[in-house]
Structure formats: C-alpha cells, structure tokens
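>>> coords please:
(4 chains, ligands or ions: 4)
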Amino acid sequence: MSAQVTEAPHEALGLSPVDLLRMHRHMLTARLIDEASLRQNRMGRAPFVVPVSGHEGCQIGTASALRPGTDVWLPYYRDLGVVLVAGLSPYEIFLGVFSKADDPSSGGRQMPSHWGSKQLGIVSHSSPIATQIPHAAGIAYAMRYRDEDAVAAVWFGEGATSEGDWHEGLNFAAIHHLPVIFVCENNEYAISVPQDKQMAVRDVATRAAGYGMPGVVVDGSDVLACYEVMRDALARALAGEGPTLIECKTYRYLPHTSDDDDKTYRSREEVAEHRHHDPIDRFTTYLIEHDLFDHERMQAMHDEVKGEVEAAIAAAWDAADPDPATVLRHVFAEQDDR
Amino acid sequence: MSAQVTEAPHEALGLSPVDLLRMHRHMLTARLIDEASLRQNRMGRAPFVVPVSGHEGCQIGTASALRPGTDVWLPYYRDLGVVLVAGLSPYEIFLGVFSKADDPSSGGRQMPSHWGSKQLGIVSHSSPIATQIPHAAGIAYAMRYRDEDAVAAVWFGEGATSEGDWHEGLNFAAIHHLPVIFVCENNEYAISVPQDKQMAVRDVATRAAGYGMPGVVVDGSDVLACYEVMRDALARALAGEGPTLIECKTYRYLPHTSDDDDKTYRSREEVAEHRHHDPIDRFTTYLIEHDLFDHERMQAMHDEVKGEVEAAIAAAWDAADPDPATVLRHVFAEQDDR
Amino acid sequence: MSATNVVTAIRDALHGEMAADDRLVLLGEDVGARGGVFKVTQGFVDDFGEQRVIDTPLAESGIVGVAIGMALHGLIPIAEIEFADFIHPAFDQIVSEAARMRYRTNGDWGCPMVIRAPCGGGIHGALYHSQSIEAFYAHVPGLKVVMPSTPADAAGLLRAAIRDPDPVLFLEHKKSYRAVSGEVPEGDHVEPIGVADIKRAGTDLTVITYGYELHRCLEAADRLAADEGIEAEIVDVRTLAPLDTATILASVRSTSRALVVYEDNRTYGAGAEIAATVAEEAMFELDAPIVRVGGPDIPAMPYAAALEHYYTEPSPDHLYVAMRELARF
Amino acid sequence: MSATNVVTAIRDALHGEMAADDRLVLLGEDVGARGGVFKVTQGFVDDFGEQRVIDTPLAESGIVGVAIGMALHGLIPIAEIEFADFIHPAFDQIVSEAARMRYRTNGDWGCPMVIRAPCGGGIHGALYHSQSIEAFYAHVPGLKVVMPSTPADAAGLLRAAIRDPDPVLFLEHKKSYRAVSGEVPEGDHVEPIGVADIKRAGTDLTVITYGYELHRCLEAADRLAADEGIEAEIVDVRTLAPLDTATILASVRSTSRALVVYEDNRTYGAGAEIAATVAEEAMFELDAPIVRVGGPDIPAMPYAAALEHYYTEPSPDHLYVAMRELARF
Ligand SMILES: Cc1ncc(C[n+]2csc(CCOP(=O)(O)OP(=O)(O)O)c2C)c(N)n1
Ligand SMILES: Cc1ncc(C[n+]2csc(CCOP(=O)(O)OP(=O)(O)O)c2C)c(N)n1
Ligand SMILES: [Mg+2]
Ligand SMILES: [Mg+2]
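Numbering: from 1, shown residues only, chains lettered A, B, ... in the order given. Ligands and ions are numbered 1, 2, ... in the order given. Alright, predicted model coming up:
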C-alpha cells in the first residue's frame, strides 16, 4: 500500500520502528494504569485517582520529542503519559496512588498524580492551577543563563489559560525569547465548565500572537502530529528563537477525577462520539498499516504491559506506608538537603 | 482650504463647535492643573503629584464620547483629563492634591489622583495596578443584568496589561459580551520600564483577538481620532456586541510622579521629540484651520482657565484638613452608608 | 425545627435568599450544571437561570474582582471559591479592594458581597484541599470573617452575611458538611455576625474554639464530664472578625482557665489573638496559664492516612488530655 | 566599622553578594536603569549586566513565580517587590509554591530565594505605600520572615537570607532607609536568621518590638530612664519566623513585665503570637498583665498628614506612657 511506496510519515519524522513501538507501549501503559487505578479506587484501596484516558496521544506525542536527562518536565495532574515518558515506572506511579513512603513525588504527602522527581527533572507541582507556568519560564531563563542546551516544557489544560499566572508566565517567556514550550491539552472542559464559558475564542493558540510567539493547533489524537509540532518547537527553542504555544485538541473519556460525576454536565452520546477518535486505536491502525505491528504482537504487548501493571500494583500495595513520625520533617532544609 | 470644501472631520463625527471648544478647554485645564500642581509640589505644599501632560488627547478624546450620568468611569491615577470630563472641578482636584477633608475621592485618605466619586459614577481605584479591570467587567455585567443602557469604561497604562487581573478581566468581559470598553494609554514606559521589556509585541491591541474582541490602535495625540474610536466602541457595547480594546499611542512628557527622576531612563532628546506632537497644539491648530478659534480667543480662554485654576488652588488650600478624630471611621458601614 | 446537615442548611438558606432578592447572583467554578463540587448549588441554575448562577472561568482573582464590580453597581454577589486553598490568587482583590473600598472612599462606596469557601481538613484532601485560611483574613480591617460549625449557625450566619453592607468571608468547614447534623430553626432565622456562642456550659475551664474543632472539643468534654466530672465550658467563636471578646472574657473569668483550640497551624494562627486578648484582659483572674492547642507548623495536612491522622490527632485523646490537665493544674 | 544608613548597608551587602556568586540574579520592577524606586540597586545593571539585573513586567505573581523557577534550576534569585503593599498578587506563589516546595516533595526539591520588600509607613505613602505585611507571612510554614531595623542587622541578615537554602521574605522598613544610620561591621559579617537581639539592656520591663517601632521604643526608653530612672530592656525580634522565643522569654522572666509594640494594625497582628507565647510560657513570672501596643485596626495609614500622624502617634508620647505605666503597675 501507499505507505510502502512513498516515505511514511514516521520516516519523515526520523522515527524508527523501535521509537514507534516505545511510544505505543507508553500509550498503552498509561491507559492500562488508568483503568487499573479506577478499579483500585472502586475497591476502596485508592481514595483518589485522576484519569488520563483520551489524552495519551497528545501527552506521549509531545513528551516523546523531549530528551530525558536534558530537558525539564513540568506536567500537571492529568499527565500520566508525560511522566511515563519522563521515566516514572508503573511501580512508582502506584506508590503514589497508594501514598506510600517511597512515592518519588512526595512520599505520600501530596495527592496522587501530583508529580515530581528531581532526579528525572520532573518539577513538582501543586494543586493550584497554572502556578507552574511562571516556574517553567524561570527554569528556561536559568537554562539560558547557564548556557545549557535544554528546554523546559510545561503542560496544562485549557482551563488553566484563564489564570493570571498563565498570562504572566507566557509574557515573561516571550519577552526574553526563552527556551520553553507551552503545551495546552484542550479537552473542552474544566471539570464541568465547557470551553465557551472559559474563553470566547475557539483556539487557545490564538492567544500566542498577543505575546509575540507562534501558536500551533494540533489534533491530540494523532500522536505523530503531536510529536512533530513538539519537535519543531524544541528546535525553535534550542535555536534561540523563543517559546511556542502548542494547543492539542483532545478529550477526557472519564470523569475529571474519581470524585467527579461527569453525567451532570455532558451527555453519554458526546463521550461515546469522542471515543471513536481514540488515539491508541488510531496509532495501532497506523502501525498495522505500516506493517510494524500485527494483532498477535499487539495482544502480546497488551498482556505484557498488563502483567507489568498488575505486578506494580501488587508490589506497591505491599510497600511501606509513611511513618507518622516524619510528618514534621522537611518544612525547612535538613543537613542532606539543598 | 480643504476643510472648507469637504465635510470637516468633526462634522463627520457630529461634533458641534461648542463640543470642540469644551474638549479643548478640558485639555487646556488638565495641562494647566498639571503645571500648577508641580509648582505646588516644588513649593512644598503638595508632597506628591501625578503628571498628565502628553495624555490629554487620548484622555479627553475617549472620555468625551461617554455620557456623564449614564456611563461609569474607571480611571487610573494618570487620568486627570478623564475625571475633568466626568465632572470633577479644578477645586475638587486640588482638594485632593492638598488632601483636604472635602476631597471627594477619599477625604484626604488616599494619595492625590486616586479618583472616586459615587455621585459622578467615578469608581474608586487603589494604587495596585490593574485591579480595576475585573471591576469594570463586573459593573458591566450588573448593567446588563439591570437592563441599563450604559457602559463601563476603564483606563490603564500599557504596564497594567502585564498583570494577571488584566487578563482575567478581559477574558470575563469577552465571554459574556459585556458593555465595557478597555482603554490603554500606551506611553511606552511603566515608570522606567520600556515597552519592549513589558511585552514582546508592538501593539497591546494585538491581544484583543486572543480574547475574542476587537482591538483598535489610535494616535493618542489626535483627540478627534480618539473620540471616534471610543464612540464606535460605545455603539458596539450598547448594541450588545461586547467589549472593545482601544490602544492609544501616547507619551508622558514629565516624570512618572513628583518622586520620579526620568533622566535615569530616557534622554531629553527623546522627550523633546515627542513634545512636537503635543495633542493640545495639534487640536488648537485644527480649530484655527477650521475657523473655530483664533489666537485672540485662545489667549482669552487660556487666561480664563488659568484664573480658574489659581482660584481653585487658593480656595482648596484654605479648605479644612481632615479631623484626626475621623481616622477610625468607615472601616465598616455606618448608619447612613450603603 | 427540622434536623439537617450543614451542607443542606447552607443550600436551603442560600436558595431562600436567592428567591427573595434578585440582586443576588452566584459566581464561581462549577456552580452551574455541576452544582458545585460539594453540591451546595445543585439545581440553582435551573431555578434562577444562567444570568444569576454563573460558571466562571478558572480565575479566582477575576471571580472576586468581578464580584466587587457587581457589588459596586447594585448587585449582591456571592462568590464561591471551590476550595479555600485556592483563594490565595484572590488575596489582593480581597485585601486591597473589597476590604478597603469603604475606608478609602471615606464611606462613599461600599462593597456588599459574600465570598464562600470550603476550608479545613480531615477529608483526605492533602496539602491543597485541607487548608485553614482564617488567620490571613481575620487580620484585615474592613473584612468580616465568619466560620459556623452547626447547621443552625450556618444558615443564620449566611443570611446575616448576605444582608451585611460589607464584604464577608464565609468559611465552611468541609468535614462538617455531611458529618454534622442538627436542628435548623424554620423561617427567616438570622444569627448576628460578631457574636460568639456558648455551645456547652461548664464551670471548670473554658475552651475557646471554632470550626470542626468545636465538635472534637464537645465530644472530648462530654467524655471528660462522664469520666471525671470535669465540666468544660465551650465557646464557639463563630465570627473571627470582629471577634466577640466580651463573651470569651466573661466565660474565662467565670472558670479561671482558658484553653484555645484551632485546627490551623499553631504559630501566628487565629488562636494567638484569642490567647493574647485573654492575657491582656483577664490574666490575674486565671488560675492556670493559658494553653493553646493548634495544628503542627507544617503546610496543611499530608495525604497519606497515617500522616493526616497525625495532624488531626497528634496523640490519642489529645484534646481530652489537654482539658483534663488544664482543669487539674 | 563604618557608619552608614540602612539603604546603603543593604545596597553594599547586596552588591557584595552579587559580585561573589554569579548564581545570584535580581529581578523586579525598575531595578535596572532606574536602580529601584529607593535606589537600592542603583548602578547594578552596569556592574552585573541585564542578564543578572532584570527589569520585569508589571506582574508580581509572575516575578515570584519566575524566581521560583530560577531557584529550582540552580540560580539564587532575589526578587524585589517595589512596595510591600504590592506583594499581595504574589500571595499564592509565595504561600502555595515557594514555601511548600520542600515539604510537598519530602525534601527532594528546594527553593533558595529571597524576596525583598520595602514596607511600613510614616513616609506619607497613604494606604497603599505604607503597609505592614509580616503577619500574613510569618504564619506560613516553610517561609522565613526577616525584618532588620539597623544597618548592621540589615547587611548581616541579608547575607544570611541569600545563603539560606529556603525562601526568605526580607522586609525593609522604608522609613529606616535614610532615617536610621549606624556602624556596619566590615567584611563578610552574617547575622543568623532566627535570633532576636537585645538592643537595650534594662531591668524594669521588657519591650518586644521590631521594625521602625524599635527606634521609637529606644528613643522613648532613653527619655524614660533619664526622666524617671525606669530602665526598659528592648528586644528586637529581627526574625518574625522562626521566632526566637528563648531570648524573648529570658528577658521577660528577668523583668517580669512584657510590652509588645508593633506598627501593623493590632488585631491578629504578629504581636499577638508574641503575647500569646509569653502568656503560655511565663505567665506566673509576670508582675503585670501583658500589654500590646499596635496600630489602629484600619487599612494602613491615610495620606493626610494629620491622619497619618494619628496612626504613628495616636497620643503624645504613647510609647513612653505605655512603658511608664507598665513599669509602675
Ligand atoms: C487555582 C485553582 N482553582 C481551582 C481548582 C479546582 N480545579 C481542579 S482541576 C480544575 C479544572 C482544570 O481544568 P483544565 O485546566 O482544563 O484541565 P483538565 O482537568 O481539563 O485536564 C479545577 C477548577 C484548582 N485546582 N486550582
Ligand atoms: C501591583 C502594583 N505593582 C507595582 C506598582 C508600582 N507602580 C506604580 S505605577 C507603575 C507603572 C505603571 O505603568 P503603566 O501601567 O504603563 O501606567 P503609566 O504610569 O505609564 O501611565 C508601577 C510599577 C503598583 N502601583 N501596583
Ligand atoms: Mg480541560
Ligand atoms: Mg505606561
């Protein structure tokens, strides 16, 4: 078929079959962790979980263009896919879900999905929305100041764009042409608030021009398209051309969190309609069309990842809880800190 | 000359000679109050004053399109010209400059130029920059809710556009298509910070599109042009078409305040160059060209306004100071309030 | 009288006020179709329409700033902050604008508005869904800070807040929403702002508290009375600002012992003002030192059950023990 | 030793630290060509370049947020808030982010940064250029709050703040900038954060204060000693958080009388924590009730001279009188 005769999209992007299968596996891992976490929540073993399903394409697509160990990640709570690419393991994810002592993000102090790991360059974020946007600009300023060949990438929802911090962060980054990439995962809702009550424009990317940076809209269910715009933004940033605002059109298949009831604000039909554009199915089809994958190997990978997730859950569940005696620690630096 | 044969610009705007002379007088009054205030400051009778010189064109041009008694004014400290149009008298202005008990804005509690008068529909503002932007949106929301045929207009400098409140206020106004007009007096500096350190775009008006409202750039030294864009924005707002962002390109001839030394951040040549576009001279020339004014009448008006200002200073200086015994009052409502 | 829980009492009072006065508008995140994350405004958008029940953008400073504008132009806005932990971006609008509008205009402009915020911990909300914020705002002249702990007080004080000519921060302890039930007077019952309430009469010591800690103190006091016949008088502050020092001092003078209990981290917390007031006004009438029991000086409650429990119950029966020790001093 | 005023002491110490460590960057409004509205950073942009002396956009939350990012990536940012009154928009970034970064990551990430803010009144700054803000921030675990009042303390504590691994809010009373002069130790002199200082020894009463009030108290105490031989011991708190309770309590125990003086409006102010601590720890060692003298509960100082004066000097010699009365009690 066509993919054989002309250069395939992934080839044009310089992505090898190994790269593609890694990306696919990350997407599948995110999805299976999501489903397993919700089961843990219903079983009463996880008081609070944050779904990702639907966002895997834009998260893994954009994140895969970065360079672990070099670039810095500023994800938000929805970004399970991003932190998997950044290097958190399913086991570490579930240490957070079960708020265990070894949870790398916070040792069980923050809610699950409040990511962080200095070792992996994942910057800790809080619950308050959009506060990490100026942090990304400051990190990018420090990168340039220190002559690092690196960028800071920050992810957020379309609701976050309404906060003053979002505005202040983008403005500062644009003024100083900083190596930072702003990635908006526009899933049409901020909990229950639809986009038309969040802003009077169709595309968040429209705002980029007002700051003096390029704005790009991309189909979040197309993982390769997301990879491509991120790769280009990375090149711009490294070339000293400044920040880029990327808007990924996506959709959240599940409730906002395990505490939410999305039936109060959107119809089942609407959700079902969006599921037809599942980024994982779409990418699977692409891989099969390009003879990089078949149903057999797909099943094998599925079983393998499923087993990995089940093992992670079992191990994390048995891990030690935080010691209450530590609750007063780390308000300020201790000997070994800094 | 040409103005005689074709319709003159002011005729096209539906402005009568009386209207034009009132506008000119307001501009002249602002300028003479400004100069007199600085003299009072140097004499040690006014610890703190805020210059307006250079902004008269955009302030009186935009303000003159509104309807005193109907529309609501949200000026900032630079807006001496706006509050004169709104109805504050030179005497009331100097009650503020000398922080007298009868100062309509605050009874001598706030610094001079922190305007406010419920009777005149001038909303009190504080020193913190841009906080009045969401207030304007809220007032406009209330106007529509109460079916009033009115608009709220809010003025601010280009520096104010960097605050989160500016972003949040414009976004809310655009989402609800509110009858509010945002007027930016872009004088290229926020105290010492030049525009290129404030934003990476040439025109603040560029930001309007990102909120889903029209953005207009106008020459702030052309009082009639400012009147025209404001008149059009008023018409849009009253027609239910929502907010407009107007950017007036202007320049501040004097230091930021009587406490500032602008020689530290801009050259005398730069200031001198801008003075060539003095909005008052320009408007005077226009009036003379259209036979609405001559040097004699100009001199007469000048003397008349000068006398008015001197009388205002003398009377205000003799007015009563606030009684220290009142300092604890009005923290909360008293019987007669609300 | 009818028995109901705190969240229902608030919803009913709010609904009644909305129905009675169309100057009232609600604005906040998810207050519309979703009815608020705690369902306080469930169904309101159907009853009052989108013009009066406004789903705002995700911007707290804007929410409060817009509400101030509404208040300045004839409406009575009731702004909801989804969690008190997220009120911080609005600090400037509340402190510099709402609280100072009347003073800075020498009484010319007023700002009648209510800001509702679910606060407090113990519901597994972690660092950013468990905070106590009253100490920051009680210190601000021009702002009233109310924190009811029972359904009756919640309904009565909410009506008072809505009818107050000045801005009122109305704090609702989210653990009390469904955990606490009680009688609510029928009809237009209003509880005055600025008046503390003795929730339990006693002679051996005075416990001054508010918020969900009130219920922990009541429980401990009853056990202490049963076990040892020690009778604690419990003063529910209810309004942090303006503080009802008269009621607090009268009780302390009658028992000669004062224990101040609050959930917020201890240092520079609201309990400091209460303890300082007692020390200044009634020190020589005390038979024992003033004792404060506050939360640990850490940034709110951690998530893990074991850690969160340490915050609310640092030691078994810590309130029971504190009361007993003070009574026996 | 050399005599200099507070603003010069701060400038010199800041300049020295900048020269010694290129991880330091300054950011704020007008800090560049203008050298800051109080000229603290005058000439810095010429000496250190625009990369290290950053004129920021007019956005306080952004200033602090960007500084946090810098601190997270190897720099040591020193953010200047032009006036403390304008720090409020940054409340969330300071409280939710800077102060909580270390705790929420269980020690993994730290946030070494300094936020400088000129505060306090008495310089005809009116409501929004005169505010005291220490009470809001001293209550925040994870944040250190420092407020020096002499040139030597300003220089020594600024060095300590810059070298501290955690965020420090460094408050400079703007009336002290040029009004207060004194000796500054030569060289790399560091004053430890968290240690109060006895600025005047005395035996008859202890006055606990900080900020510009320290100088008013010292002046009144000297007159009182000359007039009546009453010797007040004056403790300069210097660091609001963490509070040096040991020094305060030791002095109070030695004099048996405690007067707490602060400029901020009285209710729920920082003085409440100090008074409450004395009441809890040393009540039975006192011969007189604890007395607090704070500012009136109004939103900062009005502009008109007569009104501003009422705030700082409500009655002639009010501090002198308060000390004498307490000593004589
Ligand atoms: C400052 C702040 N306000 C409110 C909230 C409550 N809240 C949590 S998530 C959320 C919606 C975020 O929507 P969006 O940014 O679109 O991200 P999404 O959840 O859709 O991925 C809200 C309002 C918060 N966490 N922080
Ligand atoms: C929140 C806040 N930050 C800082 C200041 C100090 N300040 C007063 S005016 C000003 C510059 C304002 O510039 P712009 O908005 O352009 O208005 P202009 O003075 O040029 O007319 C600054 C930084 C303030 N008043 N409020
Ligand atoms: Mg969303
Ligand atoms: Mg300007």
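>>> Would you pull up the residue in the stretch 101-250 of chain C closest to ligand 2?
C:R104 (14.1 Å; C-beta to the nearest ligand atom). (Each C-beta comes from the backbone N, C-alpha and C, glycine too.)
>>> Just the terminal-to-terminal distance for stretch C:256-269.
23 Å (C-alpha to C-alpha, to the nearest Å).
>>> do that stretch and chain A meet?
No - remark: stretch C:256-269 sits outside contact range of chain A, by C-beta under 8 Å from any C-beta of the partner chain, the gap being at least 9.8 Å.
>>> same thing with stretch C:60-79?
Yes - against chain A, stretch C:60-79 shows contacts by C-beta under 8 Å from any C-beta at C:S61, C:G62.
>>> Buried residues of that stretch, list them for me.
C:60-73, C:75-79 (16 or more other C-beta atoms under 10 Å in any protein chain shown).
>>> One more: stretch A:120-134?
Quick answer for stretch A:120-134 (16+ other C-beta under 10 Å): A:120-134.
>>> Within reach of ligand 1, which of those are there?
A:S127, A:P128, A:I129 (C-beta under 6 Å from any ligand atom).
>>> pretty sure the last one is touching C:A59, no?
Yep, that's A:I129 we're talking about. No - in this structure, A:I129 is not within contact of C:A59 by C-beta atoms under 8 Å, at 9.2 Å.
>>> For those two, list the residues in contact with both.
A:E163 (C-beta atoms under 8 Å, 6 or more residues apart in numbering or on different chains).
>>> Can you report how many residues neighbour the residue in the stretch 51-200 of chain C that ligand 3 sits nearest to?
Going by C-beta to the ion, ligand 3 is nearest to C:L58 of the stretch 51-200 of chain C, at 9.0 Å. When neighbours are defined as other C-beta atoms under 10 Å in any protein chain shown, C:L58 has 25 of them.
>>> C:I10: what's it in contact with?
C:V40, C:A154, C:A155, C:L158, C:E172.
>>> Hmm, I typed the wrong one, I wanted C:V237.
C:V237 neighbours (C-beta under 8 Å, 6+ apart): C:M147, C:A196, C:I208, C:T209, C:Y210, C:L243, C:D244, C:I248, C:I274.
>>> try C:D166
Here C:D166 is in contact with B:F332, B:A333, C:R102, C:G110, C:C111, C:P112, C:G142, C:L143, C:K144 (C-beta under 8 Å, 6+ apart).
>>> try A:K306
A:L32.
>>> Compute the distance between it and A:L28, please.
9 Å (C-beta to C-beta, to the nearest Å).
>>> Equivalent analysis for A:K197, please.
From A:K197 to A:L28 the distance is 34 Å (C-beta to C-beta).
>>> Likewise for A:G69?
24 Å.
>>> before we move on, what about C:G295?
43 Å.
>>> Can you list which of the buried residues of stretch A:120-134 are found in helices?
Counting by DSSP state H, those place A:Q132, A:I133, A:P134 in helices.
>>> Is stretch A:198-212 in proximity to chain D?
No - using C-beta under 8 Å from any C-beta, stretch A:198-212 never reaches chain D; the gap is at least 10.9 Å.
>>> returning to what we had before: can you add pLDDT and distance to B:G240 and give the ones in helices among the buried residues of stretch A:120-134 back as CSV?
Shown next, in CSV, are these (pLDDT from 0 to 100; distance: C-beta to C-beta, whole Å):
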residue, pLDDT, distance to B:G240
A:Q132, 98, 38
A:I133, 98, 34
A:P134, 98, 36
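>>> Between those residues, which sits nearest A:P279?
Of all these, A:P279 sits closest to A:Q132, with 24.0 Å by C-beta to C-beta.
>>> Okay, now the unreliable bits of chain A?
A:1-5, A:336, A:338 (pLDDT under 70).
>>> hey, which helix is longest across it?
Longest helix in chain A, counting by DSSP H: helix A:17-42.
>>> Output the contacting helices and strands for that helix.
helix A:56-63, helix A:80-86, helix A:90-97, helix A:223-238, helix A:279-289, helix A:295-318 (3 or more C-beta pairs under 8 Å, 6 or more residues apart in numbering or on different chains; DSSP states H and E).
>>> Please repeat the previous calculation with a cut-off of 7 Å.
Where contact means 3 or more C-beta pairs under 7 Å, 6 or more residues apart in numbering or on different chains; DSSP states H and E, helix A:17-42 is packed against helix A:56-63, helix A:80-86, helix A:90-97, helix A:279-289, helix A:295-318.
>>> For the residue lying closest to C:V53 once chain neighbours are set aside, give me its contacts.
Closest residue to C:V53 apart from its sequence neighbours, by C-beta to C-beta, 6 or more residues apart in numbering or on different chains: C:V45 at 4.2 Å. Applying C-beta atoms under 7 Å, 6 or more residues apart in numbering or on different chains to C:V45 gives the contacts C:G32, C:A33, C:V53.
>>> ok, now with 8 Å
Applying C-beta under 8 Å, 6+ apart, the residues near C:V45 are C:V31, C:G32, C:A33, C:G35, C:V53.
>>> Could I get the buried residue list for stretch A:27-39?
A:M27, A:L28, A:T29, A:A30, A:R31, A:L32, A:I33, A:D34, A:A36, A:S37, A:L38.
>>> Help me confirm that C:R292 is found in a strand?
Yes - judged by DSSP: H, G, I helix; E, B strand; the rest coil, C:R292 forms part of a strand.
>>> Pull the contacting residues for it.
Applying C-beta under 8 Å, 6+ apart, the residues near C:R292 are C:L259, C:V260, C:V261, C:Y262, C:R266, C:G271, C:A272, C:A275, D:A276, D:E280.
>>> Go through these and say which is closest to ligand 4.
C:A272 (42.5 Å).
>>> if we can go back for a sec, pull out whichever of the contacts of C:V45 are also neighbours of ligand 1.
Okay, of those, nothing touches ligand 1 (C-beta under 6 Å from any ligand atom).
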